[in-house]
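# Make a model of this:
(one chain, ligands or ions: 1)
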Amino acid sequence: LTAYLNGRFAPLGDLSVPVLDRGFLFGDGVYEMIPVYSRKPFRLDPHLERLAASLAAIRIANPHTQAEWRRIIETLVRHQPFDDQSIYLQVTRGVAYPRNHAFPAEATPTVFLLADPLRTPLPAQVVSGIAAVTQADVRWLRCDIKAISLLANVLARQGAVDAGVAETVLLRDGLLIEGSASNIFVVRDGMLLAPPPSHLMLTGITYDLVLELAARHGMPHQVREITEAELRSADEIWLTSSSKEVLAIVTLDGTPVGNGAPGPIYKAMYQHYQAFKTEVMRT
Ligand code: PMP
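Residues are numbered from 1 along each chain as shown. Take a look at the predicted model:
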């Protein structure tokens, strides 16, 4: 029972959604990806709060209370044979006919969850870092909504694959925004810099945690706009996401970042992040 659809737990292969679902026809829905370590959902409350915010932004009534969401996720987690999981959660506006861009008068949201084994970064990626390329950010102006309509993100990530690297860093109007599926941090002269949350980027749960850990451990940090020039001359660049945790980007557009290896501030944050995970798993 790896999946859940509209009230029913079942093997993924037994589940299907009607072709008239607005998720299929319009990309009309939102999602979350929640990591689970040792069967404990990590930072679940912030994920459920962000889900509620995404739903509100696209005017879908939240189909469940936070307590109901927690129960569904706990049940799904319990059914898996593996301890570390990634929970994909998606809500669409539901099935409606005839096809019409505007909201249907009546539709029941489609709720889908899937549990997969969690794929955290390979040890080699943690030790040696990863490569990334940059691209112009051609997405819409509400990237703060975790929408399933991800065409621009899909094309950006394929740009990375085509270049043989791990991620594409998006730039808009000369400023660093985020990655195709990650947030980006920069270190300059010992100062950790993070782009400010806005409608132009998704504020990651990991982004918030990294800033929290920086504060907790007295690491100098600043949330402010980061120019392309500052990005390209950074001492360190990191990416963060729920599945990638914190990874050092050591090559950007083929040019080494700093000395081309994960930097000291990255290594400190990586340790803080792992220690925090261990702390949370114990409680
Ligand atoms: N930005 C984008 C565009 C993303 O898709 C993701 C990953 N879902 C993130 C940032 C990172 O968010 P989180 O730390 O919550 O996984």
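# Can you tell me the centre-most residue of this protein?
Centroid check for the chain by Cα atoms, centre = their mean gives S241 as the closest residue, at 4.9 Å.
# Need the contact partners of stretch 29-37.
Contact with stretch 29-37 is made by 22-23, 41-44, 47-48, 50-51, 54-55, 57-58, 60, 73, 77, 83-93, 110, 115, 118, 145-148, 242-243, 277, 280-281, as judged by Cβ atoms under 8 Å, 6 or more residues apart in numbering. For the C-beta atoms, the positions are set from N, CA and C on the backbone; glycine is no exception.
# can you pull out the helices in the protein?
22-26, 44-57, 66-78, 123-128, 151-162, 205-216, 228-232, 264-282 (DSSP state H).
# For the closest residue to the ligand within the stretch 151-283 of the chain, which non-adjacent residue is closest in space?
Minimum separation of the stretch 151-283 of the chain from the ligand (Cβ to the nearest ligand atom) falls at G204, amounting to 2.7 Å. In this structure, G204 finds its nearest non-sequential neighbour in N183, 4.3 Å apart by Cβ to Cβ, 6 or more residues apart in numbering.
# again, but for A163
Nearest to A163 is V133, by Cβ to Cβ, 6+ apart, at 4.7 Å.
# what's stretch 106-114 in contact with?
2-7, 12, 15, 17, 21-23, 29, 60-61, 63-64, 72-73, 76, 87-96.
# go on, stretch 5-16?
Residues outside stretch 5-16 that contact it (Cβ under 8 Å, 6+ apart): 1-4, 17, 75-76, 79, 108, 110-114.
# Would you mind measuring the gap between the ends of stretch 253-273?
27 Å (Cα to Cα, to the nearest Å).
# So for that stretch, what gets flagged as buried?
Residues of stretch 253-273 classed as buried: 257-258, 262-263, 265-266, 269-270, 272-273 (neighbour count, 16 or more other Cβ atoms under 10 Å).
# is it up against the ligand anywhere?
No: applying Cβ under 6 Å from any ligand atom, one finds stretch 253-273 separated from the ligand by no less than 11.6 Å.
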